[in-house]
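Chemist: Fold the following and give me the result.
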Amino acid sequence: MKILMVVGKFPVLSQLFILNQITGLIDRGHQVDICALEGFSDENNVHSQVKTYQLIERVSAAPILPNNYLLRLIKGLKLLILHSYKNPKILRQFLASFKYGKKAFSLRLLYTMIPFIYKNQYDIIHCQFGVYGELVTLLRELGLVQGKLITSFRGFDISEYPRSSSPNVYDRLFKTGDLFLANCDFFRQAAIKLGCPESKILVHYSGIDTNKFAFFLRQFPKNSKIRILTIGRLVEKKGIEYVIQGINYLVQIHQNIECDIVGDGPLRQKLEVMITQLKLQDKINLLGAKNQQEIIDIMRKAHLFVAPSITSKNGDKDAPINTLKEAMAMGLPVISTYHGGIPELVEDGVSGFLVPEKDAQAIADKLQYLIEHPEIWVSMGERGRQFVETHYNMNKLNDELVNIYYHALSQGR
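Modeler: Modelled structure (predicted):
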């Protein structure tokens, strides 16, 4: 099959689930092109697969959209003149795009058109996140790209975006898109409530390479500190501040602990201030963003894992997050929240513990319980590993994705 994977920026360190799908499809002999509608990422630390598979060579990136409208207009006119000379159809398609109103007048559609001018015929067009499916369905109507349109809903695109934009924002996409995937049933139900036909949407989990995240027997450290680990972007919905507050409660009871926080983001300075104010500099380490191998090494040394996701003020929610799957695969006892799709991954009291959102005291209580009952670490870790192997094995899920693509193609016939 000839497949176009449509993403925002590329490559993004926190979006390993997209890399796993791309490389899995390549390994299975399919041609995969990548369209980055928000341009190349400026991240320096990238996953090894990007270089191993020479993925940058497969990328067509949209020009960056200037914030200043006058600059956007001038740059847009230059792009239009340049590409109209090479492909006269683009002028006609650009003029036709004005029937879509705001997206055309903002010139967002024009900038989005550019990567599709010379590569436009595919078996499958797979949009990662609904916001890009919404754009590509317009480009397909304009004749810029052809192929079965599949859109994956993964989080903000089905929770925050319809709330901040319009409950009807996906009406055209739901009507004209060929198939939709949700990475958990929680988001599948959210899409159905917004108007997606039930017959058009499937749950397709985001997988991890369970061979890389090997199970490791966790034992109570007799001569060293208990290491608590949290991994996530430093943004509101990851709830990192509640881990910090939880550690502040916990150190009143157990001093022999240390907490590592892996990730970076706009809240880093705020969290640094919080750690200093609580005088936890010797207990909590902000390690910054790490690549996959670095994360594996850090996880191997950890004893307990916390994923305190919350619903952000703008309504953004999480699916079953990959770092939580990775921790469970490696046998870590985990604590997470009753949030989004996470209860589909963690069974409370069996493969981990779940607590209410924003409840730092509950996080501290569960950490205290695990510290004082190390005899359950092994059984909890084993059950977590078993569940992830059964439901989130990347290789099984990539086979499933190929079958989904063939199903979509057969529907057209």
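
Chemist: Tell me the span between the first and last residue of stretch 305-323.
Modeler: 10 Å (Cα to Cα, to the nearest Å).

Chemist: quick one: contacts for residue 233?
Modeler: 14, 263-265 (Cβ atoms under 8 Å, 6 or more residues apart in numbering). C-beta here means a position set from N, CA and C on the backbone, and glycine is covered the same way.

Chemist: Please repeat the previous calculation with a cut-off of 6 Å.
Modeler: Taking Cβ atoms under 6 Å, 6 or more residues apart in numbering, we find residue 233 in contact with 14, 263, 265.

Chemist: what does residue 339 give?
Modeler: Contacts of residue 339 by Cβ under 6 Å, 6+ apart are 309, 357.

Chemist: how about 10 Å then?
Modeler: 186, 237, 239, 307-311, 317-319, 321, 354-358 (Cβ atoms under 10 Å, 6 or more residues apart in numbering).

Chemist: Give me the subset of the residues you listed that lies in helices.
Modeler: residue 186 (DSSP state H).

Chemist: What subset of the contacts of residue 233 is buried?
Modeler: 14, 263, 265 (16 or more other Cβ atoms under 10 Å).

Chemist: that older thread, pick the one among the contacts of residue 233 closest to residue 89.
Modeler: residue 14 (36.9 Å; Cβ to Cβ).

Chemist: Do you know the pLDDT at that closest one?
Modeler: Per-residue confidence at residue 14 stands at 80 (pLDDT).

Chemist: how about it, secondary structure?
Modeler: coil (DSSP: H, G, I helix; E, B strand; the rest coil).

Chemist: can you list the weak-confidence ranges in the stretch 201-350 of the chain?
Modeler: Within the stretch 201-350 of the chain, not a single segment meets pLDDT under 70.

Chemist: Just the strands from it, written as ranges.
Modeler: Under the criterion DSSP state E, counting those that start in this stretch, the stretch 201-350 of the chain contains strands at 201-203, 226-231, 257-262, 284-288, 304-307, 334-337.

Chemist: Reformat those into TSV and put distance to residue 66 and mean neighbour count next to each item.
Modeler: Formatted as TSV, the strands of the stretch 201-350 of the chain follow (distance: least, Cβ to Cβ, whole Å; neighbours: other Cβ atoms under 10 Å):
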stretch	distance to residue 66	mean neighbour count
strand 201-203	36	17
strand 226-231	34	24
strand 257-262	34	21
strand 284-288	30	17
strand 304-307	37	27
strand 334-337	39	27
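
Chemist: Dump the ones you listed to JSON lines, plus distance to residue 195.
Modeler: JSON lines is the format used below for the strands of the stretch 201-350 of the chain (distance: least, Cβ to Cβ, whole Å):
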{"stretch": "strand 201-203", "distance to residue 195": "11"}
{"stretch": "strand 226-231", "distance to residue 195": "35"}
{"stretch": "strand 257-262", "distance to residue 195": "38"}
{"stretch": "strand 284-288", "distance to residue 195": "41"}
{"stretch": "strand 304-307", "distance to residue 195": "31"}
{"stretch": "strand 334-337", "distance to residue 195": "28"}
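
Chemist: For residue 359, give its distance to residue 309.
Modeler: As judged by Cβ to Cβ, to the nearest Å, residue 359 and residue 309 stand 12 Å apart.

Chemist: Comparing the two, which shows the higher neighbour count?
Modeler: A count of neighbours by other Cβ atoms under 10 Å puts residue 309 above the other of residue 359 and residue 309, at 26 against 19.

Chemist: so what are the domain limits for this protein?
Modeler: 2-207+393-412, 226-391 (automatic domain parsing).

Chemist: Quick check: which of those domains is nearest to residue 215?
Modeler: domain 226-391 (4.7 Å).

Chemist: distance between the ends of that closest one?
Modeler: 30 Å.

Chemist: if we can go back for a sec, the domains of the chain: which one's closest to residue 216?
Modeler: That would be domain 226-391 among the domains of the chain, by Cβ to Cβ, at 5.2 Å.

Chemist: Kindly indicate which of the contacts of residue 233 lies nearest residue 61.
Modeler: residue 14 (18.7 Å).

Chemist: how close does the closest one sit to residue 218?
Modeler: Residue 14 is 26 Å from residue 218, by Cβ to Cβ.

Chemist: Nearest spatial neighbour of residue 323, chain-adjacent residues omitted?
Modeler: residue 231 (4.1 Å; Cβ to Cβ, 6 or more residues apart in numbering).

Chemist: ditto for residue 160
Modeler: Residue 160 sits nearest to residue 316 (Cβ to Cβ, 6+ apart), 3.8 Å away.

Chemist: Pull out the buried residues from the contacts of residue 339.
Modeler: Looks like those have 186, 237, 239, 307-311, 317-319, 321, 354-355, 357-358 buried, using 16+ other Cβ under 10 Å.

Chemist: Buried residues in stretch 168-185, which are they?
Modeler: 169-170, 173-174, 177-184.

Chemist: How about stretch 75-93?
Modeler: Result for stretch 75-93 [16+ other Cβ under 10 Å]: buried residues 75-76, 79-80, 83, 90, 93.

Chemist: do the same with stretch 103-113
Modeler: Result for stretch 103-113 [16+ other Cβ under 10 Å]: buried residues 103-104, 107-113.

Chemist: got it, and stretch 121-135?
Modeler: Applying 16+ other Cβ under 10 Å to stretch 121-135 flags 122-135 as buried.

Chemist: mind checking the end-to-end distance for that stretch?
Modeler: Using Cα to Cα, the two ends of stretch 121-135 sit 17 Å apart.
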